[in-house]
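Undergrad: What follows is a predicted structure for the sequence shown.
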There are 2 protein chains.
Amino acid sequence: MKSPNSISAATLKRLPLYLSYLKTLPKDRTVNISATAISAALSLNAVQVRKDLAAVGKGGRPKIGYLTEELVFDIENCMGCKDLSYAALVGAGNLGKALLSCDDFGQYGLNISVAFDKSENNIGATVNNKHILSADKLEDMCKHMNIRIGIITVPSYEAQGVCDKLIRAGVVEIWNFTSVKLKVPQKVMVLDEHIGSSLPLLFNHKIENN
Amino acid sequence: MKSPNSISAATLKRLPLYLSYLKTLPKDRTVNISATAISAALSLNAVQVRKDLAAVGKGGRPKIGYLTEELVFDIENCMGCKDLSYAALVGAGNLGKALLSCDDFGQYGLNISVAFDKSENNIGATVNNKHILSADKLEDMCKHMNIRIGIITVPSYEAQGVCDKLIRAGVVEIWNFTSVKLKVPQKVMVLDEHIGSSLPLLFNHKIENN
DNA sequence: TAGATTGTTAATCGATTAACAATC
DNA sequence: TAGATTGTTAATCGATTAACAATC
């Protein structure tokens, strides 16, 4: 069994891609899958796919490919899906609710256990079976539930405050959806999800004449 | 004035970061800003920042730094903010509404002009002053409004269909929030926003003892 | 067998970082 | 002047891709 730590960041980021593709395959009709097929479906280089798969799994067989089921198992294992990570989401606005509703994350091993909000309109509500509690209860609840991951979907000006609260409650990984650069102690990891940071690529698209 | 086409993808992706940082600075008190200061604030390498800024602007002055205002202008120019890009959003669920509500995109030059949805609950509503229209009107309206960018926030199984419709309506750039690999003609550019693709990085975070 | 496929080694490419001269 | 800063050149690093042998 491979140690995820030895896997490059670039490869790690492609794992969810592979996983969700493999899950779209009809289980009975695709016992085996080739790197060639995967690369074609995802518009990736075939050698790259093979290298990625070599990094996470036990390898395939020439002419036949990989055992689909085994591959799914290995990818999930490397991604860290095996032991579910429990997360708390703070800020149940539209974006927060969108994340609460997204069942794909469960596939990746992320379990958003609870959400917090300040607004009376949201407190007490349920989204996708997840309860929205008063932000006052954040520290107590997170400690009590042993939450490791915090998801920040509040307005920018509240982000650092919420971040500090989460850390006091024992959170060591933060998924940050605001544009604020969060200040955290060294042991805490922040993953910035800058939606829109790739927009310049879109704007700079020029149509080549055909 | 630099041609955006000569700027690397890595640099382009950092431009929004610089821009939003520069906009947080008090206008009167920071006529000049150094690459050193920017790099410290954003936890980037100082040389990298200087190279990025060299690629977009006319350069700074030793000991003094860059003219903040000029820098903002140059970055906006390179990102393509100058001529607003008009976009249509399809799928006004929670994620769609979150994007409609997000005013930051305007700063980046993206103007979501109109939204479409199938659900009677949403049709006719307004989010952040943007109208949600019936999906039936998609093709006519997009043609009529001369929309170039389509944003897809529908469920996965509807993604390809919506994509085809958008392209028929003249859209040439697509911002795709589903996990589906869209099939498009060569002249159309797809930007995949795979929220969650970096989660494996978060899961693989091990706390070093301190 | 022939051909499709894997996996490895080497080459290429692009991006980051280090070193340092030039400037105000 | 001294020191902070820019900008460039060279070195390093990491990721992608090409070439090819091994395998079923």
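TA: Received the coordinates, thanks.

Undergrad: do the top helix by length along chain A and DNA strand D meet?
TA: Determined from DSSP state H, the single longest helix within chain A is helix A:9-24. Yes - Helix A:9-24 reaches DNA strand D (Cβ under 7 Å from any atom of the strand) through A:9-11. Glycine gets a C-beta too; all of them are placed from N, C-alpha and C.

Undergrad: By neighbours, which of those residues wins?
TA: A:Thr11 (20 neighbours; other Cβ atoms under 10 Å in any protein chain shown).

Undergrad: Surely that residue touches A:Leu53?
TA: No - at 9.4 Å, A:Thr11 does not count as touching A:Leu53 under the criterion of Cβ atoms under 8 Å.

Undergrad: how deep is the closest residue to DNA strand C within chain A tucked in, by neighbour count?
TA: Closest residue of chain A to DNA strand C, Cβ to the nearest atom of the strand: A:Gly59 (2.4 Å). The local packing of A:Gly59 (other Cβ under 10 Å) involves 10 other residues.

Undergrad: again, but for A:Val31
TA: With other Cβ under 10 Å as criterion, A:Val31 counts 13.

Undergrad: and what of A:Ala125?
TA: 15.

Undergrad: Give me the nearest residue to it, chain neighbours excluded.
TA: A:Ile132 (5.0 Å; Cβ to Cβ, 6 or more residues apart in numbering or on different chains).

Undergrad: Dig out what that neighbour forms beta bridges with.
TA: A:Ala115 (DSSP bridges).

Undergrad: rewinding a little: switch the residues of helix A:9-24 next to DNA strand D over to TSV; also include pLDDT.
TA: Shown next, in TSV, are the residues of helix A:9-24 next to DNA strand D (pLDDT from 0 to 100):
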residue	pLDDT
A:Ala9	92
A:Ala10	94
A:Thr11	95
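
Undergrad: Looking at these, which is nearest A:Asn176?
TA: A:Ala9 (17.4 Å; Cβ to Cβ).

Undergrad: Enumerate every residue touching A:Val184.
TA: Contact analysis of A:Val184 by Cβ atoms under 8 Å, 6 or more residues apart in numbering or on different chains lists A:163, A:167, A:174, A:190.

Undergrad: what does chain A put close to DNA strand C?
TA: A:34-37, A:46-47, A:50-51, A:53-54, A:59-66.

Undergrad: Which stretches in chain A count as strands?
TA: In chain A, the strands defined using DSSP state E lie at A:32-33, A:66-67, A:85-90, A:110-117, A:126-127, A:130-134, A:149-152, A:173-176, A:189-192.

Undergrad: chain center to the fifth one: distance?
TA: Spelled out, it's strand A:126-127. 20 Å (Cα atoms, centre = their mean, to the nearest Å).

Undergrad: Check the fourth one too.
TA: Centroid separation for strand A:110-117 versus its chain: 14 Å, with Cα atoms, centre = their mean.

Undergrad: same question, stretch A:34-46
TA: Using Cα atoms, centre = their mean, the offset of stretch A:34-46 from its chain centre is 22 Å.

Undergrad: again, but for stretch A:58-75
TA: Centre to centre, stretch against its chain (Cα atoms, centre = their mean), the figure for stretch A:58-75 is 23 Å.

Undergrad: Please name the residues that touch A:Ala55.
TA: A:2, A:6-8, A:11, A:78.

Undergrad: Can you tell me which of those are buried?
TA: A:7, A:11, A:78 (16 or more other Cβ atoms under 10 Å in any protein chain shown).

Undergrad: which one of those residues sits closest to B:Tyr18?
TA: Closest to B:Tyr18, out of all of these and judged by Cβ to Cβ, is A:Thr11, at 28.5 Å.

Undergrad: Could you say which one of the strands of chain A comes nearest to B:Lys143?
TA: Comparing the strands of chain A by Cβ to Cβ, strand A:126-127 comes nearest, at 36.2 Å.

Undergrad: Partner strands of the closest one, with direction?
TA: When DSSP bridges is applied, strand A:126-127 pairs with strand A:130-134 (antiparallel).

Undergrad: Give me the angle between the partner strand and strand A:85-90.
TA: 50 degrees (axes from the mean of the first three to the mean of the last three Cα atoms, to 10 degrees).

Undergrad: distance of A:Arg29 from DNA strand D?
TA: Noted for A:Arg29: a distance of 20 Å to DNA strand D, by Cβ to the nearest atom of the strand, to the nearest Å.

Undergrad: Compute the distance between that residue and A:Thr68, please.
TA: In this view, A:Arg29 and A:Thr68 are 10 Å apart by Cβ to Cβ, to the nearest Å.

Undergrad: So for these two, which sits in the more crowded spot?
TA: Just comparing A:Arg29 and A:Thr68: by other Cβ under 10 Å the higher neighbour count belongs to A:Thr68, 18 against 7.

Undergrad: Show the contacting residues for the more buried one.
TA: A:22, A:25, A:27, A:30-33.

Undergrad: Filter those down to the buried ones.
TA: By neighbour count, with 16+ other Cβ under 10 Å, these hold A:22, A:25, A:32-33 as buried.
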